[in-house]
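>>> what shape does this take:
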Amino acid sequence: MNFIFISPQFPHTYWNFCDRLHRNGVNVLGIGDSPYDELDENLKRSLTEYYRVDSLEDYDQVLRAVGFFTFKYGKIDWVESNNEYWLAQDARLRTDFHITTGVNQDEVGGFNMKSDMKA
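Sure thing, here's the model as predicted:
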């Protein structure tokens with residue numbers, strides 16, 4: 001199973017998610033904007049590979065990173081950041097790469113709007 005974790009270095013405790021996935025035999029592929037040398041050692045041990053982008057705000061850079069991982073590791077099974085800020089980007093990546101786990105671009109609107117959440 002190939003799991004892309006967006007921004008696995010923030011917040012600091014997110015390395016735990018990567019560690020548990022890794023312990024269960026998952027290829028944990030990280031995409032982030034921190035230099036590899038600055039990542040926590042626990043996180044480094046948990047990642048199969050890390051792809052650094054200049055800015056996670058630049059969708060084209062993140063898209064290329066996912067494309068690289070797809071080329072190298074095959075079909076991506078999961079994309080997740082566990083971060084509300086990146087929900088729309090996660091959904092767009094799932095839509096663009098036909099990843100069926102998690103919400104896609106058409107469904108994510110209700111997760112960001114408090115009025116939709118209440119309903």
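
>>> pLDDT score assigned to the closest residue to residue 74 other than its chain neighbours?
Leaving aside its chain neighbours, residue 74 sits nearest to residue 2 (6.5 Å; criterion: C-beta to C-beta, 6 or more residues apart in numbering). All C-beta atoms are positioned from the backbone trio N, CA, C, and that covers glycine. Looking at residue 2, its pLDDT reads 98.

>>> what does residue 65 give?
Per-residue confidence (pLDDT) for residue 65: 98.

>>> next one: residue 83
If you check residue 83, the pLDDT there is 84.

>>> who touches it in this structure?
6-7, 10 (C-beta atoms under 8 Å, 6 or more residues apart in numbering).

>>> swap the cut-off to 10 Å and go again
Taking C-beta atoms under 10 Å, 6 or more residues apart in numbering, we find residue 83 in contact with 6-7, 10-11, 14, 56, 89-90.

>>> so which of these sit within strands?
Members of the contacts of residue 83 lying in strands (criterion: DSSP state E): residue 6.

>>> widest-spaced pair of the contacts of residue 83?
11 and 89 (17.4 Å; C-beta to C-beta).

>>> the more surrounded of the two?
Legend: neighbour count by other C-beta atoms under 10 Å for residue 11 and residue 89, higher for residue 89 (21 against 9).

>>> need the pLDDT of residue 114.
Listed pLDDT for residue 114 reads 53.

>>> helices and strands of this protein: which one has the lowest mean pLDDT?
Within the chain, confidence by mean pLDDT, DSSP states H and E is lowest for helix 114-118 among all helices and strands, at a mean of 52.

>>> so how far is residue 7 from residue 43?
From residue 43 across to residue 7, the span is 11 Å (C-beta to C-beta, to the nearest Å).

>>> identify the contacts common to these two.
With C-beta under 10 Å, 6+ apart, residue 43 and residue 7 have common neighbours 14, 30, 32, 34.
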